[in-house]
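**Q** Whatever this is, show me its structure:
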Amino acid sequence: MERCYWTSGAIPDAMASSRRAVPFQSTGADARRRLLLPAQAFRGTDRRPRLVSFQSPPRCHKMYVPGFGEGSPEKKAAISLQNFFNYVAVRIVLAQLESYNREAYVELKEFVSRNSVNDADNFCKNLIRESPRHKALAMRILEVRSAYMKNDFEWDNLKMLSFKMVDEANTKLMRDYVLETSHIEDDDKR
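**A** Residues are numbered from 1 along each chain as shown. Just a heads-up that it's a prediction; the model follows:
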């Protein structure tokens, strides 16, 4: 699947000079044909006749999402999921340790109370450097988070729930707005 991410103000370098080709989207049966347009269409001060070649870029049917810098919304979601999987792994390891290694459970619980689990990489990096015992706990957390993400997390369920929750929330908000603005409730009470 083709991914297109355009940044605001992203004008190809070719548009900076009328002597180079500028990508242009043609709307014909042959979308890859070259169009020749006079360069003065782009430079009003130059009166010499020049031709500029245009090649159509591939069509991108994705929405432009501003404000994500070099990443994408998917990358931001992946980072959030990584932090979430780290949180889940810490909870799983704590539950396992509580039943068979009380001392390690107390150590990890103390470490969690002192360090935020919100940033997965920093949490694990600090846990590894704490002590040799903590390093073993960090390795266990890394194993559990990877195994949970690959084997136990229900990705299809996530997608289905996301679609369902967004659709239900949109419907509820629109319904509430219509009821609020149309005064249907007032008419029903009479």
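**Q** contacts, neighbours, all on C-alpha from now
**A** OK.
**Q** Tell me where this protein has helices.
**A** Listed in chain order, the helices of the chain (DSSP state H) span residues 73-100, 102-114, 120-130, 132-147, 155-182, 184-189.
**Q** What is the fifth one packed up against?
**A** When contacts are defined as 3 or more Cα pairs under 8 Å, 6 or more residues apart in numbering; DSSP states H and E, helix 155-182 packs onto no helix or strand at all.
**Q** Ok, the third one next?
**A** Counting contacts by 3+ Cα pairs under 8 Å, 6+ apart, helix 120-130 packs against helix 73-100, helix 132-147.
**Q** so which of these comes closest to residue 122?
**A** Residue 122 lies closest, by Cα to Cα, to one member of the helices and strands packed on helix 120-130: helix 73-100, at 10.2 Å.
**Q** quick check: angle from that closest one to helix 120-130?
**A** In terms of direction (axes from the mean of the first three to the mean of the last three Cα atoms, to 10 degrees), helix 73-100 departs from helix 120-130 by 40 degrees.
**Q** quick one: average pLDDT of helix 73-100?
**A** Computed over helix 73-100, the mean pLDDT rounds to 93.
**Q** Thanks a lot, catch you later.
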